[in-house]
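**Q** for reference, the sequence and a predicted model appear below.
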Amino acid sequence: MTIRTLLGGTLLLILCVLILIAGILVFYPQWVHSTLGLGPFSSSQIWIGCVSTAAVLLGLFWCLERLFERVGKAGVRIQWRKQQEKNGGIVATETLSTGNADAEVALNELMVQVRYRYGRFWRRKVSLLWVMGEPAHVEQVAPGLTQQNWQEGEGTVLLWGGPAGKVPTESYIKAVRRLRPHRPLDGVVWAVDSTPWPASHQVDEMLRQSQKRDALLGWQAPLYLWIIGHSEWPQKERESQSVGCLLPVQTTPAGVGESLRDLIPAMRKQGVQQMLEKNSHDFLLRLSQQLENSWISQLQNLLTPALRGPSALYLRGLMFSLPLSQRGADVNTWLPAFEWQGVLSDCRQIRGKRIGLPWEKAFQWGGLGLALFWGIGTLLSLWVNQTQILESHQQALAAADPKKLLSIRLRNQLALQQEIARLQYRESIGAPWYSRFGLNQDPALLEALWPRYQINNDELIIAGAKEQLQRAFKEIANLPPGSHERKSQAQLTYDQLKAYLMMTRSERIEPDFLTRVLMATWPTRESVPHALWQDVGPQLIDFYARNLSANPQWNIKADRNLVGEVRQILLRQIGQRNAETTLYQEMLRKVANNYSDLTLMDMVGNTDASMLFASEQIVPGVFTRQAWEEQVQDAIDQVVNERRDEIDWVLSDNKQPVSAELSPEVLKARLTERYFTDFGNAWLNMVNSLHWQHATSLSEAINQLTLMADVRQSPLVALMNTLAWQGKTGQLGGALADTLVESTKKLIKGDKQRQLIAQASGPRGPLDPFFEPVLSLMGEKEGAVGNTNLSFQAYLTRVTQVRLKLQQITNAPDPQAMTQMLAQTVFQGKAVDLTDTRDYGSLIAASLGQEWSNFGNAVFVQPLELAWKQVLQPASGSLNVQWQRSVVDEWNKAFIGRYPFSSTGSDASLPILSQYLRAGTGRIEVFLNAQLGGLLRKEGNRWVPDPIASQGLTFNPQFLKAINQLNDLADVVFAQGDAGLRFELMPRPSHNVVRTQLTIDGQNLDYFNQMESWQSMAWPGNTYYPGAQLSWRSTNAGTNLYANYAGPWGVIRLLEKAKVAPIDSSRYQLEWVAPDGLPLKYILRTELGEGPLELLKLRNFVLPSQIFLNQ
C-alpha cells in the first residue's frame, strides 16, 4: 500500500479548524456562552488556547505517522517479495490497464521503489512518461515495458499506457494521478511504425482516448510522436543518437512540415558521413530521403485532425529511430538509450497544462495564504492596539493636567472624547479587521478610559454648567413677582430647570435639548476664546448628554430648595401644555398604522360614483368612527395614564398636587376635543373637494339624475348615509345632554353663561359643530335649529320629478321644440318644476352653511344647474337665431353703410332709428321684454341678467354693452319717442379771429367778439334744409368756410371734427382748428347727459348678433 506523510494534511486541517474556532470565539462570544455555556474568553485566552491545542495535535499526529510509516514499510516489503517469488522474478504479463486489482498494487510498488531510491521528495526529481501505442511498436521503443507495466531508471519512470486507441481503466488513471497529483505526467510518448502509417480512424481513436485520459488526470502533458523506421542492413555498430525535432506551442501541420524540412539538411549531412564510414549505416540518409519524398506530407495529413479544434493535442516533438534492443536484465529496470535523450531532456524543461480547476492546489495555497495572512494580521493587530492604548493614555493624562491652560485642556478633553466615541462605535459595529486577530483590546481600553473621562468632565464641564444654571435660578427668584422680566424669562427658565433636572435624573435625558439650553445659558467662558468655546462646548456637552443615560452614576445632586422655589415661580407664570401636541401626535401615529385611508369609493360602498362625482382627497383612517370606537378612545386613556409623569415631571415632584390645568381629566378633554376637531376638518376637506361630472348631453344629464335619485343604487344616498353615520361618532345618549368636551369646558371655565334658547333634547355628539347641518338634512337630528321644511328625501323626490319631465321632453315627437318651449317659458319669467327644484337645491346648499358650501354646491346645485344648461343650450341657440332674424338683420338693412354707423356720405334715417330705440315701444326693448323678461331686468336704466334665472346661460358681454349703450342714447335723444335734443352754445373769443358764424339746421349763431351769451339750439331743427355750417374771419383774411355738412346728421359730422374737453357734468368746450391754425371755440351746455355728443357713440357701432355665448 502507499506510504504517504500525514504532516502536511494534518497541519492544514489543524490550521483551518483552529481559525474557525477562534473566529467563532472572537466574533460570536455571546452565542457560544448561551449555547455551550463557555466563555466569554479574552483575546489572550483564545490565542494561548489555540496555540497549545495546535502543538498537542501536531505532536500526536507526528507520532502516529512515524508508527504508520514503520508498519507500512514492512508490509510493502513482505508483499513485494511474495509477489516476486510467486512470479519467478517476472511480473504477470497481464497489463495494469485492463482493470484488475493488481494495478494499484503495482503502482504502490513503484512508489515504494522511487521513494527508497530518491527519498521523500522524489516527485520533484523523477519524470513520469506515459508510453502508448501498439505493444509491438512500444517494445521496439522501450523493450519489456508492455510486460512489466512500468520501468524506472536514471530519474525517469515509464508507464505503459496501453494501445493508443484503448484508454486504460478509470481506476488505473486515478492511481497514476495519485503518484503525483500536482503534475501527473511529464510527457506522453506515442510509438508508431512507419510501415504502415496509422489510419485516420486510429488517429481519431487516439485523440478521443487522449482527451478522456487528460480529463481524468486533470492534466495535458506534451506529446512526443515516436516514429520507428527500418533499414535493410544491420545498424548495430552505428552511433546511437537522438533524431527528431521539437515543435513550438500551438503548432500547426504547416509548422510541422517546416520544422521537418529544416531538419533534412543536417540529417542528410550526418547520414552521408556515416555511410562514408560504413556504407550499411544508411538510417539518417534514408530517413532524410523518405521525409523529403513523402513522409512530411503523410505526417501532416496524419496530424491535421489532432492539431485543430478546441481540444487539440499538445504536440511537442517528432522523434525517429530504429527498433531499440533490450538493455538490462532486472525487472522494472530501464536503461535509457541515447535515442531517448531528446525526449528526456525536453520533458524536464517543459511543463504540461492544467485542465479544469486544481482544487487540491487551490486548497493548499489557500491554507498557506490564510496562515500567512493571519500571521501578518496578528502582528499588525498587535501594533495597532499597542499604539491605540499608548495614544489614549497620553490623551487622558493631557486632559487631566491642571498645569495647562483651560483652552488646551478643553481641546485635549475633546480628543479623549473622540477616542471614546470611536471605541463606542467599534463596540457597536465591530472593530476593524486589522485590529482583531485575537488581540483586540477595545472593550478593556474603553472601560479604562471612562473613569478618567468622568473626572475630567466633572471638572471641565459639569461643575461650570451646574453653577451657571443655579445662578440663573437665583436671578429669576430675585426678580419682583409679576414683573415683565420674570414673564419674559419664564420659558427660558423652564428650559433651564428641565436641563438641570435632566442632569439629576439620567432617565429623562434629551441630548439635543440639554446641549442647546446649556450653550444658551453658558454662551461664553472665562479664559477661553469665544470661537473655541462655541466650537468645543457643544461637542463636549452633547457627548456627555448622550452617554448620561448609560451612566447613572454621573447624576449630580440637585438643590431641592432652589428647585422647589423655581417650580412655584414657573407654575404661576406658564400653563403646562407644552407636551400636549407631542402626546397627541404620538397617539395618532400609533393608531394610524392600523387603519387604511378612506377614499370616495370606500364611502359610497358598492355603488359607482364615477358617473356623478369624483374626488382625489382621502380621509385618514384614524379619523373614522371605527377607529374612535376601537382604539382612539383607549389610546387617549392610555396616553393620559402613561404619560402623566412626562407632562408634570419638571414642575412637580409628585409630593405636592398640581393645579387643575395639569390634571389628567383636563388633558383627556383637550386631546378629545383636538381629535374631534381634526376629525371634522378631515371630513370637511374631503366632501368639499367633490366635483360634479359635467354631462355633455341632455340624455346623459337624465341618466345622472336617474342614478342620483335611485335610493338603492345612488352614490349620493350612500355618501349621505356615510356622513350621517360618521357624524354620530362619539355621540352620547339622551340622558347625557352634554358631550365630554362640553362637560370639561364647564369644569375648566365654570358655567358662567346661561343658555338663552334651550335646544331640543336628544343625543349630542362632539361632531355636532361640523355634521349638524347634514344630520338635520337627513332627519337624524331631533329638534335641530334650522329650516325644518328642508330634507334630503324631499330633494330626491323633486329630482325624480325633474327627471320625469326631462324624459317626457326626450320622448316627445319633437324634443327640440319642447325643449325650446320649456326654456322660453323660463325666459319669459314663468316658473317650472326644473327651476323650482334648482332653487330648492340652492336653498339646501345655503342651509348647510359656509363650511359645507363647496359640497352643497357640488351635489345639490350643480346637478340641476347642469341639467338645466342642457335644456337651455338649444333654446339659447334658437333665441340667438330669433334675435338675429327679427332685430339684427333689419337693423343692418337700415343702418349698415350709413352715417354715423359707417363713415359714408349717406345718412341713417332718424325716424327708423327711433323705431328701434324709443323707450317702451322700441323694437329692441319690446324684444327684450317679450323674449327675455325672465332673464333680464332693468335696474334703473341698465339691463342686468337675473343671477338665479340665468343660471346655466352665459350672456354675450358685447350684447349687454350694446343694449345698455343704446338705452342710454334713447334716454337722451329719444325720450319723447322721436329724435329730439335741446342744448345751448356760447362762442368764445380767440386770438386773431374777428368773427365766427355757426349755422345748425337754419339756426344761426353769429359772433364778432362782442360779449358772449348762450343761445339755445334744437336738433333736428324745423327746416326743410337741415345741415351744419361753420365759417370764420381772421385779422389777416376775409371770411373762410370751415365746414358745411348737409342733412340731419350734419351737426354730428361737425361735432366729430371738434376737440371736446369736459368742463363739468353738463358743459363741454368745443374747439375746431382752422386750416390757418386759428382755434374756433364754443361752449356746449346740455340738458341731459352729453347731449348731442351722445350721438358720436354711434360711430362704427355694430349690433351684436348673439345674445348668448356658445358653451
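**A** Cool, got the structure. Please read all numbers here as calculations on a predicted model, not as lab measurements. Numbering: from 1, shown residues only.
**Q** pull the helix or strand hosting Asp634 out as CSV, backbone CA atoms only.
**A** In the assignment (DSSP states H and E), Asp634 maps to helix 633-642. Extracted in CSV, the C-alpha atoms of helix 633-642 (Å, rounded to 0.1, in the frame of the first residue of the first chain):
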residue,chain,number,x,y,z
GLN,A,633,-60.7,56.2,23.0
ASP,A,634,-58.4,53.6,24.6
ALA,A,635,-55.3,55.3,23.2
ILE,A,636,-56.3,58.6,24.7
ASP,A,637,-56.9,56.9,28.1
GLN,A,638,-53.6,55.1,27.8
VAL,A,639,-51.7,58.3,26.9
VAL,A,640,-53.2,60.2,29.8
ASN,A,641,-52.4,57.4,32.3
GLU,A,642,-48.9,56.6,31.0
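**Q** mind listing what's buried along it?
**A** By neighbour count with 16 or more other C-beta atoms under 10 Å, helix 633-642 contains the buried residues 635-636, 639-640. C-beta here means a position set from N, CA and C on the backbone, and glycine is covered the same way.
**Q** cool, and stretch 206-219?
**A** Neighbour-count burial for stretch 206-219 [16+ other C-beta under 10 Å]: 206-207, 209-211, 213-214, 216-219.
**Q** same question for stretch 234-245.
**A** 235, 238, 242-245.
**Q** likewise stretch 621-633?
**A** Here stretch 621-633 shows 621-625, 627-628, 631-632 as buried, counting by 16+ other C-beta under 10 Å.
**Q** reformat the residues you listed as a markdown table; add pLDDT and secondary structure.
**A** Formatted as a markdown table, those follow (pLDDT from 0 to 100; DSSP: H, G, I helix; E, B strand; the rest coil):
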| residue | pLDDT | secondary structure |
| --- | --- | --- |
| Gly621 | 92 | coil |
| Val622 | 92 | coil |
| Phe623 | 92 | coil |
| Thr624 | 93 | coil |
| Arg625 | 92 | helix |
| Ala627 | 92 | helix |
| Trp628 | 94 | helix |
| Gln631 | 91 | helix |
| Val632 | 91 | helix |
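**Q** ok, back up a step: report the two of the buried residues of helix 633-642 separated the most.
**A** Ala635 and Val640 (9.7 Å; C-beta to C-beta).
**Q** is it fair to say Val176 lies in a helix?
**A** Yes: membership of Val176 in a helix is supported by DSSP: H, G, I helix; E, B strand; the rest coil.
**Q** that one contacts Leu159, correct?
**A** Yes: assessed by C-beta atoms under 8 Å, Val176 is found in contact with Leu159 at 6.4 Å.
**Q** quick one: common contacting residues for those two?
**A** 128, 130, 185 (C-beta atoms under 8 Å, 6 or more residues apart in numbering).
**Q** and the first one, how far is that from Trp340?
**A** In other words, Leu128. 14 Å (C-beta to C-beta, to the nearest Å).
**Q** one more: Gln364?
**A** From Gln364 across to Trp340, the span is 33 Å (C-beta to C-beta).
**Q** rebuild the buried residues of stretch 206-219 as a markdown table, extending it with pLDDT, secondary structure and distance to Arg670.
**A** As requested, the buried residues of stretch 206-219 are arranged in a markdown table below (pLDDT from 0 to 100; DSSP: H, G, I helix; E, B strand; the rest coil; distance: C-beta to C-beta, whole Å):
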| residue | pLDDT | secondary structure | distance to Arg670 |
| --- | --- | --- | --- |
| Met206 | 87 | helix | 99 |
| Leu207 | 87 | helix | 94 |
| Gln209 | 87 | helix | 95 |
| Ser210 | 87 | helix | 93 |
| Gln211 | 87 | helix | 89 |
| Arg213 | 88 | helix | 91 |
| Asp214 | 86 | helix | 88 |
| Leu216 | 87 | helix | 86 |
| Leu217 | 88 | helix | 87 |
| Gly218 | 86 | coil | 82 |
| Trp219 | 89 | strand | 86 |
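**Q** surely Phe901 is within a strand?
**A** No: applying three-state DSSP, one finds Phe901 to be coil, outside a strand.
**Q** got the buried residues of stretch 621-633 as a markdown table, with distance to Ala812 columns?
**A** Shown next, in a markdown table, are the buried residues of stretch 621-633 (distance: C-beta to C-beta, whole Å):
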| residue | distance to Ala812 |
| --- | --- |
| Gly621 | 50 |
| Val622 | 54 |
| Phe623 | 50 |
| Thr624 | 48 |
| Arg625 | 48 |
| Ala627 | 53 |
| Trp628 | 53 |
| Gln631 | 58 |
| Val632 | 57 |
